[in-house]
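K.L.:
Show me the folded form of this:
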Amino acid sequence: MNDYDALRDYLLRQKQDELVLSFEQIEEIIGAALPRAANRASWWDSLRSPDIQMPQREACLAAGFVATRMPDGASVRFRKQKSERRR
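P.N.:
Presented below is the predicted three-dimensional model:
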């Protein structure tokens with residue numbers, strides 16, 4: 001189990017196509033503090049550098065969501081992918 005399996009499981013239970021979670025909410029879901037790198041938009045970008053495995057990105061994609069850090073720098077938008085291929 002990686003640190004972001006709880007986030008994947010949370011997203012899998014969501015019925016809406018899009019939701020926004022604050023960093024605090026995400027930390028509560030995963031039961032740990034996010035790393036400082038989470039403040040960078042690129043850390044959340046599900047479509048950037050797909051050849052580099054990042055556990056938070058893999059968790060989102062496994063749940064069928066694409067993540068994007070919001071302009072406020074303190075929250076993340078999760079949007080369901082059009083093709084709903086899930087593991």
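
K.L.:
Can you tell me the closest non-neighbouring residue to residue 73?
P.N.:
residue 39 (6.3 Å; CB to CB, 6 or more residues apart in numbering). Heads up, the C-betas are built off the backbone N, CA and C, glycines and all.

K.L.:
pretty sure that neighbour is in contact with residue 75, am I right?
P.N.:
No - here residue 39 does not reach residue 75: they are 11.4 Å apart, not a contact under CB atoms under 8 Å.

K.L.:
pLDDT score for the nearest residue to residue 22 once chain neighbours are set aside?
P.N.:
Leaving aside its sequence neighbours, residue 22 sits nearest to residue 75 (CB to CB, 6+ apart; 4.6 Å). Looking at residue 75, its pLDDT stands at 96.

K.L.:
What about residue 75, how many residues nearby?
P.N.:
15 (other CB atoms under 10 Å).

K.L.:
residues contacting it?
P.N.:
The contact partners of residue 75, taken as CB atoms under 8 Å, 6 or more residues apart in numbering, are 20-23, 69.

K.L.:
Give me the buried stretch members for the worst-scoring helix or strand of the chain on mean pLDDT, please.
P.N.:
The least trusted helix or strand in the chain, going by mean pLDDT, DSSP states H and E, turns out to be helix 41-44, with a mean of 87. Neighbour counts over helix 41-44 (16 or more other CB atoms under 10 Å) mark 43-44 as buried.

K.L.:
And stretch 20-38, by the same measure?
P.N.:
21, 23, 26, 29-30, 34, 38.

K.L.:
ok, now stretch 7-24?
P.N.:
7-8, 10-11, 19, 21, 23.

K.L.:
Mark which of these are part of helices, please.
P.N.:
Judged by DSSP state H, helices contain the following of the buried residues of stretch 7-24: 7-8, 10-11, 23.

K.L.:
Distance to residue 59 and pLDDT for these - can I get that in JSON lines?
P.N.:
Formatted as JSON lines, these follow (distance: CB to CB, whole Å; pLDDT from 0 to 100):
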{"residue": "7", "distance to residue 59": "5", "pLDDT": "97"}
{"residue": "8", "distance to residue 59": "4", "pLDDT": "97"}
{"residue": "10", "distance to residue 59": "9", "pLDDT": "98"}
{"residue": "11", "distance to residue 59": "8", "pLDDT": "97"}
{"residue": "23", "distance to residue 59": "15", "pLDDT": "96"}
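
K.L.:
Sweet, I'm off.
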